[in-house]
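*Asks:* structure for the following, please:
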Amino acid sequence: MYKSVFGLMLSLFTWNVYAISFSFDNYFPSIDTGEVWNYSGAAEFSLSLSAVDQGPFAGLKKLGNDKTGIVFSIEAGVLSWHSYNNQPLEAQVVFDQQFETNKAYKIDGRDVVFIAVPEYTVEAGTFNNVIAMVWLHPGYLANAKNAELNIDREETIFAASDIDYYAKGVGLIAYEAINLVDGSVAASYGLSSVQVEAIKSRQNDSVNTAALSYQVSPFKK
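*Replies:* Numbers count the residues shown, from 1 in each chain. Got it, this is the predicted structure:
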């Protein structure tokens, strides 16, 4: 089983496929350092946004903690990952395009499909405008999770292995590790709380609101 962006409550249902184009930087937090996202489930931990002040990535930002995280930069609306799970990437991953949902892409040498999720609920609340970043394993054929997410078999026949759920303007709200054979959820965690005012202040700054309305409620304080 592949390890996803961060590692390991959620009831699932089959989503109807609807295609959108989106810019991934709108789903990845790039705001003030010091903000904290708290998670619970198979693992309980916090991720914070901090400035990197030394080493080869000095001057960039990191979303993570002392064990895991992503070092990234956003310039002119282009998101770039420089380090992944505290390991420098062989080649910088640049999200410099409008992505389409239910279409296969290569990210850092791995196959990924993005799925638009109308609504997703975790302890912190119910989030609209969610993108599921589905990492695929080339050693296994499509499993039940692929079918549940309505992943187009013409795009990929590989099995879903890990899924990161990102809410627009918020960031990572959930993660699932998938059993490669039967597609069941082997482990998961979800967002339990986040700094409320900082998120609310970004509601009016969302990009492409004509295509995707932004709503979050209720938040756990």
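*Asks:* quick one: the helices in this protein?
*Replies:* Ranges of helices in the chain, per DSSP state H, are 144-148, 196-200.
*Asks:* out of the ones you listed, which gets the lowest mean score?
*Replies:* Among those, helix 196-200 has the lowest mean pLDDT, at a mean of 51.
*Asks:* in the sheet, who's paired with the nearest residue to residue 56 once chain neighbours are set aside?
*Replies:* Leaving aside its sequence neighbours, residue 56 sits nearest to residue 88 (CB to CB, 6 or more residues apart in numbering; 7.3 Å). For the C-beta atoms, the positions are set from N, CA and C on the backbone; glycine is no exception. Note on residue 88: beta-bridge partners residue 83, judged by DSSP bridges.
*Asks:* list the residue ranges of the chain that fall below the pLDDT cut-off.
*Replies:* Low-confidence segments of the chain (pLDDT under 70): 1-18, 29-34, 195-221.
*Asks:* longest single strand anywhere in it?
*Replies:* Looking across the chain with DSSP state E, the single longest strand is strand 125-141.
*Asks:* alpha carbons of that strand, as CSV, please.
*Replies:* Provided in CSV are the C-alpha atoms of strand 125-141 (Å, rounded to 0.1, in the frame of the first residue of the first chain):
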residue,chain,number,x,y,z
GLY,A,125,-18.3,20.1,9.9
THR,A,126,-19.8,19.5,6.5
PHE,A,127,-17.7,20.8,3.6
ASN,A,128,-18.9,21.5,0.0
ASN,A,129,-16.5,21.9,-2.9
VAL,A,130,-14.3,19.0,-2.1
ILE,A,131,-11.7,17.4,-4.4
ALA,A,132,-10.7,13.8,-3.7
MET,A,133,-7.1,13.3,-4.8
VAL,A,134,-7.0,9.5,-5.5
TRP,A,135,-3.6,7.9,-5.6
LEU,A,136,-3.4,4.8,-7.7
HIS,A,137,-1.4,1.6,-7.4
PRO,A,138,-0.2,0.2,-10.8
GLY,A,139,0.3,-3.3,-9.3
TYR,A,140,-3.4,-3.8,-8.7
LEU,A,141,-6.5,-3.6,-10.8
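*Asks:* could you name the helices and strands sitting against it?
*Replies:* strand 110-122, strand 158-167, strand 216-217 (3 or more CB pairs under 8 Å, 6 or more residues apart in numbering; DSSP states H and E).
*Asks:* I'd like these as TSV, with mean neighbour count appended.
*Replies:* Compiled in TSV, the helices and strands packed on strand 125-141 are given as follows (neighbours: other CB atoms under 10 Å):
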stretch	mean neighbour count
strand 110-122	19
strand 158-167	25
strand 216-217	15
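*Asks:* I'd like the ones you listed laid out as JSON lines, including distance to residue 188.
*Replies:* Listed next are the helices and strands packed on strand 125-141 as JSON lines, based on distance: least, CB to CB, whole Å:
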{"stretch": "strand 110-122", "distance to residue 188": "10"}
{"stretch": "strand 158-167", "distance to residue 188": "9"}
{"stretch": "strand 216-217", "distance to residue 188": "20"}
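*Asks:* and residue 67, which of those strands is closest to it?
*Replies:* strand 158-167 (16.9 Å; CB to CB).
*Asks:* nearest residue to residue 40 other than its sequence neighbours?
*Replies:* Using CB to CB, 6+ apart, the closest residue to residue 40 is residue 192 (4.3 Å).
*Asks:* pretty sure that neighbour sits against residue 39.
*Replies:* Yes: with contacts counted by CB atoms under 8 Å, residue 192 reaches residue 39, the gap being 6.1 Å.
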